[in-house]
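J.: A structural model of the following input is requested.
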Amino acid sequence: MEGSHSDGAQKAAVVSRLMAAKKLSGKSYSQIAAETGLTNVYVAQLLRRQAQLKAGPTTVALCTAIPSLNDELVAEMMLPPFRSFRSDLLQEPAVYRLNEAVMHFGESIKEIINEEFGDGIMSAIDFYCSVDKIQGVDGKDRVVVTFDGKYLPHTEQRAEHMVSRRQQ
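T.: Numbering: from 1, shown residues only. You can find the predicted model right below:
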């Protein structure tokens, strides 16, 4: 259903209502995360419709943490999201700097992954992310972004392992 311009507008309207519910709660993403047992980034993803809310204890905890979430909004959050990338996001300085850091350190990170694990990548599906604030040794605030992804090894492409090519 999503993908057309009107669907993008519908998603934006839902996100606006979800952000209003968060604001009404008076809580930060980290406060909501602490109450729900989720990461602060995952809470933000749920409220920005970048992740799908699963039925069960998480839904109950989220509705308790954000009391103005109504049944309609919860139902919207339970739909598979249209995960997207807006190219204009790179113009936002915080997003640009994150991208710049990954681009600057990416080759070294890739080499260390290969050295420590072998030929493979970090999953972005089986993935956890959090943003934390700590105080540095100089007393200044520091941002800690944690990427915690499952290791996925590249596999040898053997014909006999390709199920679609097996003879019945």
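
J.: wait, what's in contact with Pro67?
T.: Ser25 (CB atoms under 8 Å, 6 or more residues apart in numbering). (Each C-beta comes from the backbone N, C-alpha and C, glycine too.)

J.: which secondary structure element is home to it?
T.: Pro67 belongs to no helix or strand when assigned by DSSP states H and E.

J.: the longest strand along the chain pairs with which strands?
T.: The single longest strand within the chain, with elements called by DSSP state E, is strand 120-135. Note on strand 120-135: by DSSP bridges, its sheet partners are strand 141-153 (antiparallel).

J.: mind checking the pLDDT average for the strand it pairs with?
T.: Averaged across strand 141-153, pLDDT comes to 96.

J.: ok so, going back, give me the contacts around the longest strand of the chain.
T.: Under CB under 8 Å, 6+ apart, the answer for strand 120-135 is 33, 39-42, 113-114, 141-154.

J.: which ChimeraX command selects the buried ones in those?
T.: Applying 16 or more other CB atoms under 10 Å to the contacts of strand 120-135, the buried members can be selected in ChimeraX as follows:
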select :33,39,40,41,42,113
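
J.: report pLDDT for Arg83.
T.: 83.

J.: identify the residues contacting it.
T.: Arg83 neighbours (CB under 8 Å, 6+ apart): Gln50.

J.: checking it next. Helix, strand or coil?
T.: Put simply, Arg83 is coil when judged by DSSP: H, G, I helix; E, B strand; the rest coil.

J.: give me the buried positions along the least confident helix or strand in the chain by mean pLDDT.
T.: The least trusted helix or strand in the chain, going by mean pLDDT, DSSP states H and E, turns out to be helix 5-25, with a mean of 89. Neighbour counts over helix 5-25 (16+ other CB under 10 Å) mark 10-11, 14, 17-18, 21-22, 25 as buried.
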